[in-house]
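Visitor: Sequence and predicted model, in that order:
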Amino acid sequence: MPRKPRFFLPEIPVHVVQRGASRDPVFFEDEDYKAYAFWMKEAAIKYDVAIHAFVLMTNHVHILLTVQYGAAVSQFMQHIGRCYVPFINHKYGRSGSIWEGRFKSSLVQSDRYFLAVMRYIELNPVRANIVGHPSLYRWSSFLHNCGTKQFSFITTHPIYNSLGINNQTRVCNYLSMFEHPTDIKESTSIRNAWQTGTPLGDNYFKGKIEAQLQQKVGQDHRGRPPKKKKGI
């Protein structure tokens, strides 16, 4: 069966998820996380990709990004893979791909879901019961977005900038988003979107995306909802 084609659009945020094969680990020690982050930064520069949020978990990664041209999403992920996979295989005496097939993704409606996806991504270590608060996890964009530590490869999005008239106000308002319990319905919608490749947004947004692409993108999630997996 041929692979289902994927399409991306300039200036439309994309939530990208890639998991280890059979959900096996893809990061084993600090050096591995640092190496992935280095090649993520390198790929962002090479393909003009704006990274807004990310988290590197033991066996998967989440990245929220925006591109200037559609093909850059795949080029960005391929560049990281071409560097990181041989690095891991050589270091640990392995062979073959470490990833579970192709990465998954969904286009994100900026004004409605952008901040929700940022929060969803940066709360991964909390949902996985690794830490009690995202500020305690080193390998995510939370420290940058909450103003604690600057990452040179993170680009703030206009929606994030709209949180306040200055950086202090933006950070304060951003942090307030993490003081409330997770919206289960919202998290389920985000998860279903990237799992099926369906645009994350209202019907107007989905219709607009499909009109631009001139075809249906992704699918509605049918049947029983999938069991929730920790840190996904």
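Guide: Looks like it arrived, so ask away.
Visitor: pretty sure Phe153 is in contact with Phe38, am I right?
Guide: No: look at Phe153 against Phe38 with C-beta atoms under 8 Å: they stay out of range, at 9.3 Å. C-beta coordinates here come from the backbone N, C-alpha and C atoms, glycine included.
Visitor: which one of those two has more residues nearby?
Guide: Phe153 (18 against 15; other C-beta atoms under 10 Å).
Visitor: Which residue is the nearest non-sequential neighbour of the more buried one?
Guide: Lys41 (3.8 Å; C-beta to C-beta, 6 or more residues apart in numbering).
Visitor: give me phi/psi at the residue nearest to Glu122 when sequence neighbours are not counted?
Guide: Distances taken as C-beta to C-beta, 6+ apart place Phe142 nearest to Glu122, at 4.2 Å, with adjacent residues excluded. Phi and psi for Phe142, reported as degrees, to the nearest 10, are phi -60, psi -40.
Visitor: Point out where this structure drops to low pLDDT.
Guide: For the chain, the stretches flagged by pLDDT under 70 are 1-6, 218-232.
Visitor: and the longest helix for it?
Guide: helix 72-92 (DSSP state H).
Visitor: circling back to that earlier point, how many residues are close by the residue nearest to Glu122?
Guide: By other C-beta under 10 Å, neighbour count at Phe142 equals 29.
Visitor: ok, now Gln109?
Guide: 20.
Visitor: Does it touch Gly201 like I think?
Guide: Yes: using C-beta under 8 Å, Gln109 is in contact with Gly201, at 2.8 Å.
Visitor: What is the burial count for His15?
Guide: Neighbour number of His15 under other C-beta under 10 Å is 25.
Visitor: ugh, wrong one, Ser152
Guide: Using other C-beta under 10 Å, Ser152 has 9 other residues around it.
Visitor: That one belongs to a helix, doesn't it?
Guide: No: counting by DSSP: H, G, I helix; E, B strand; the rest coil, Ser152 is not found in a helix; it is coil.
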